[in-house]
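A.B. asks: missing the sequence, but the structure's below:
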């Protein structure tokens, strides 16, 4: 592949209704061989001019905020940005008519294209001429095609004529290698871009470069997926842990609440039990009181009966001689009934007593009393037996009554205690008991955790799948890398020599670059820069301006290496002076001149100043350099107008070197 | 007539008589009251005793049913009384007492009467009478300077009595069917209080 790419070489650009250049909105610039320098003051649109040329060729304006992912993605991702880029630079009335026309040579073909400034994927006019001998003939008539169709034809034809596999590859080379613009995107220090460049420059063919680009993108996608799914799974695992902790805490809280609920339930049950006990004992007491009352009444009745019987029993015990009337008569000799006195009274009464007959009615007292007394005593025994049994019952009832009273007192105390305990518990735990939803919360969290575990497992499964895919792509990439290494080894001497010649002319130091293959699964290939045999991997090891020119040297070397000798490419460099000191400015001019002298073209912009770069370039290139002053294209600022003599003077100085 | 007081009179008189030969009427009241107190000591309610007492002069207990029973017994010839008013149970009285003891209503009381009357085996009757006069209910009756029913269940003196009985029960510790020992211990306690009081007064 090396040395057979026919990159576009610009011949002429025409901007129409390009409002930014207010004094000259429709301009045509013819490019010479060698170096074309558009010189202008700050803010006049020099960079925009270069962007317009590249937009004409590619339909793309680089978006410095967009990260490069792959050659294909870069093109597709940049279309929308490109379609709007010129909005602020072109008046609204000129939107439809503003366009850029290009004439350019691509190997043996000449392209004339016109593109609307807001139409990245349309071609308004397309003419492709093929050189046959000394004249060009139309390859095909595209005039009847729509803008879209012309675009499709263009993106189909031009990569083929350039010698690339895809239009996107051309866009990539044009914007990332052949153009050093305001983005200051440095190849040396952007491994992702540089690897694509190396495949395009040193690979076996553009198809393989495309494959490498796709593979690298797929590898990175897979790698990204690995990390994303790993992150997702890890986050899920972390979240699951958090929720599990939360659930456990809630469970714990729930368990505490459950404990409370159990306690509450136990207390309630205890109170109910105590209440039932009290109610039961109160009922028992009422029953036993009634029973005691009945038995007591019966006892009283029987006792009364007994007392009556006892009185009867005793009355039958009456002994005539102990009767007070008889006793008085016997002891005092005086009749208590008739009042008679004397010994006769005593004798008469003693006879009556001895006869055991009643002195009044004459009945036999002792015999009758003995019989009746026995009968009454028998009744007394019966009643006594009844009283005894009744007493036993009453004693039993009274014992039961006392027991019940005691038990009721204990039960009432227990009820009071448990009621008090329950009230205290309710007051202390009212809110917690109301919030009792443990089971529901736990179930919901368990379900959530189960879902998240499922998601986590899916993420891990996707991660594993991505790892396998990444490994597969890595393996394929490493195969390509080996082939690239072999190709580079073959081309190394020529390429490195070309770079050295350019870089040494600028930096004045021995420089070397070598291909470096990165280890690890990601692999990758980049170029390592040696300055005085000291590897300089990191960009901070050179000054910013030095890095710019080393990078420009690399682009020049790549362009030289890529380009077919019959179709040497154009490099587009936007105001490269930077902050170099005058020594390095001069050296940079020398490096540019070398590139030009080897047959290549530079289209560049520069501020009109006393830069040694332009002086040296002009002095070295002479007629191979064209200096176009753009101060007349648009309105200058007040400062610029006031100091226009300085511009004139500086411009004159440069022109002097051209003579 | 109160059959219980009738029986108690016979029973007390017979027991005292067996120890000291005869009994005075006032001693019937004293030992009836002491018997009643022993019934309370054994946990029986006041009402179960069957008749009431009141406090009279010199802190002596008096029961109308006892007095009535004594008269009836005398009339029936079961008591013999001499000119000094000493009472003895007649042979017919002894027979009647033995007969009445067959009835359960009386047999239950025998243990209390036995306990009360047995105290004279260890203590002089005079000491017993004096000690009993310091029983809380009798003491309260005297302090109130009015005739008052003894052993009123609403009286705070009864609470004091029960406190003494609880202390007595704890001191005696063992459950006894013979109530003589607790009777003697309690009477001795009351007597000691009496002595301390009298000693204090004389010292003062």
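C.D. replies: Everything's here; your move. Fair warning: this is a prediction, and the values are worked out from it, not measured in the lab.
A.B. asks: Contacts only, for residue 78.
C.D. replies: Using chain A. Applying Cβ atoms under 8 Å, 6 or more residues apart in numbering or on different chains, we find residue A:78 in contact with A:60-63, A:66. For glycine as for every other residue, the C-beta is placed from the backbone atoms N, C-alpha and C.
A.B. asks: Switch to chain B, please.
C.D. replies: The contact partners of residue B:78, taken as Cβ under 8 Å, 6+ apart, are B:10, B:89-90, B:92-93, B:96-97.
A.B. asks: picking that back up, any of the contacts of residue A:78 buried? List them.
C.D. replies: Among those, the ones that count as buried by 16 or more other Cβ atoms under 10 Å in any protein chain shown are A:60-62.
A.B. asks: Specify which member of the residues you listed is nearest to chain B.
C.D. replies: The nearest member of those to chain B, counting by Cβ to the nearest Cβ, is residue A:62 at 112.9 Å.
A.B. asks: Can you classify the closest one as helix, strand or coil?
C.D. replies: coil (DSSP: H, G, I helix; E, B strand; the rest coil).
A.B. asks: For it, what are phi and psi?
C.D. replies: Residue A:62 has phi and psi values of phi -60, psi 140 when expressed as degrees, to the nearest 10.
A.B. asks: Distance check, it against residue A:630.
C.D. replies: 22 Å (Cβ to Cβ, to the nearest Å).
A.B. asks: Repeat that for residue B:82.
C.D. replies: Applying Cβ to Cβ to residue B:82 and residue A:630 gives a distance of 172 Å.
A.B. asks: Kindly report the same for residue A:646.
C.D. replies: Residue A:646 is 16 Å from residue A:630, where distance means Cβ to Cβ.
A.B. asks: Mind checking which of those two has more residues around it?
C.D. replies: residue A:630 (21 against 14; other Cβ atoms under 10 Å in any protein chain shown).
A.B. asks: Check whether that one really touches residue A:42, as I assumed.
C.D. replies: No - counting by Cβ atoms under 8 Å, residue A:630 sits too far from residue A:42 to count as a contact (11.7 Å).
A.B. asks: Could I get the contacting residues of the closest residue to residue A:140 other than its chain neighbours?
C.D. replies: Counting by Cβ to Cβ, 6 or more residues apart in numbering or on different chains, residue A:140 lies nearest to residue A:128, which is 6.5 Å off, once chain neighbours are set aside. Contacts for residue A:128 (Cβ under 8 Å, 6+ apart) come out as A:109-112, A:138-140, A:142, A:157, A:161.
A.B. asks: So which bits of the stretch 51-200 of chain A are right by chain B?
C.D. replies: Residues of the stretch 51-200 of chain A lying near chain B by Cβ under 8 Å from any Cβ of the partner chain: none.
A.B. asks: Residue of the stretch 51-200 of chain A nearest chain B, please.
C.D. replies: Proximity of the stretch 51-200 of chain A to chain B (Cβ to the nearest Cβ) peaks at residue A:67, 101.8 Å away.
A.B. asks: Spell out the secondary structure type for that residue.
C.D. replies: Once three-state DSSP is applied, residue A:67 turns out coil.
A.B. asks: neighbours around residue A:280, how many?
C.D. replies: Counted with other Cβ under 10 Å, residues neighbouring residue A:280 total 14.
A.B. asks: got any ranges where the chain has weak pLDDT?
C.D. replies: No chain in the question, so chain A it is. In the predicted model of chain A, residues A:1-3, A:250-258, A:318-319, A:321-324, A:327-328, A:366-368, A:430-442, A:532-541, A:578-579, A:610 satisfy pLDDT under 70.
A.B. asks: could you do chain B instead?
C.D. replies: Filtered on pLDDT under 70, chain B yields the residue ranges B:143-147, B:154-155, B:171-177, B:194, B:197-204.
A.B. asks: could you pull out the strands for it?
C.D. replies: Taking DSSP state E as the criterion, chain B contains strands spanning B:54-56, B:60-62, B:79-81, B:87-89, B:148-149.
A.B. asks: about what we covered before: can you put the contacts of residue B:78 in TSV and add distance to residue A:652 and neighbour count?
C.D. replies: Listed next are those as TSV, based on distance: Cβ to Cβ, whole Å; neighbours: other Cβ atoms under 10 Å in any protein chain shown:
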residue	distance to residue A:652	neighbour count
B:10	169	26
B:89	174	26
B:90	179	17
B:92	180	15
B:93	175	23
B:96	174	22
B:97	171	19
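A.B. asks: can you narrow those to ones near chain A?
C.D. replies: Restricting the contacts of residue B:78 to contacts with chain A (Cβ under 8 Å from any Cβ) yields residue B:96.
A.B. asks: now, which of the contacts of residue B:78 lie within helices?
C.D. replies: Residues of the contacts of residue B:78 located in helices (DSSP state H): B:10, B:92-93, B:96-97.
A.B. asks: how about residue A:575, phi and psi?
C.D. replies: Per-residue torsions, residue A:575: phi 30, psi 70 (degrees, to the nearest 10).
A.B. asks: So it sits against residue A:605, correct?
C.D. replies: Yes - Residue A:575 lies in contact with residue A:605 (Cβ under 8 Å); the separation is 5.3 Å.
A.B. asks: Let me see the ranges of the helices in chain B.
C.D. replies: So, for chain B - with DSSP H - the helices run B:3-20, B:25-41, B:64-76, B:91-100, B:104-118, B:125-132, B:136-144, B:156-172, B:180-203.
A.B. asks: Which residue does the stretch 401-550 of chain A have closest to chain B?
C.D. replies: Counting by Cβ to the nearest Cβ, the stretch 401-550 of chain A gets nearest chain B through residue A:402, at 9.6 Å.
A.B. asks: On the three-state scheme, the residue nearest the centre of chain A is what?
C.D. replies: Central residue of chain A (Cα atoms, centre = their mean): residue A:235, 7.3 Å from the mean position. For residue A:235, the assignment made with three-state DSSP gives helix.
A.B. asks: ok, now residue A:111?
C.D. replies: Classification of residue A:111 using three-state DSSP returns strand.
A.B. asks: leaving aside the residues next to it on the chain, what's closest to it?
C.D. replies: Distances taken as Cβ to Cβ, 6+ apart put residue A:104 closest to residue A:111, at 5.1 Å, once the chain neighbours are dropped.
A.B. asks: any idea how far the one you found is from residue A:265?
C.D. replies: Using Cβ to Cβ, we find residue A:104 at a distance of 92 Å from residue A:265.
A.B. asks: Compare the two (neighbour count), which wins?
C.D. replies: Under the criterion of other Cβ under 10 Å, the comparison of residue A:104 against residue A:265 puts residue A:104 first, with 22 against 10.
A.B. asks: before we move on, which element is the more buried one in?
C.D. replies: Taking DSSP states H and E as the criterion, residue A:104 maps to strand A:99-106.
A.B. asks: I'd like the distance from that strand to the chain centre, please.
C.D. replies: Relative to its parent chain, strand A:99-106 has a centroid offset of 49 Å by Cα atoms, centre = their mean, to the nearest Å.
A.B. asks: list the buried ones in that strand?
C.D. replies: Buried residues in strand A:99-106 (16+ other Cβ under 10 Å): A:99-106.
A.B. asks: Now do it: which elements does it pack against?
C.D. replies: Applying 3 or more Cβ pairs under 8 Å, 6 or more residues apart in numbering or on different chains; DSSP states H and E, we find strand A:99-106 packed against strand A:9-16, helix A:46-58, strand A:109-116, helix A:147-162.
A.B. asks: Please work out which of these is packed deepest.
C.D. replies: helix A:46-58 (a mean of 24; mean count of other Cβ atoms under 10 Å in any protein chain shown).
A.B. asks: so after it, what's the next helix or strand?
C.D. replies: Following helix A:46-58 in sequence order, the next helix or strand is helix A:71-84 (DSSP H and E).
A.B. asks: OK, contacts around residue A:471?
C.D. replies: By Cβ under 8 Å, 6+ apart, the contact list for residue A:471 reads residue A:521.
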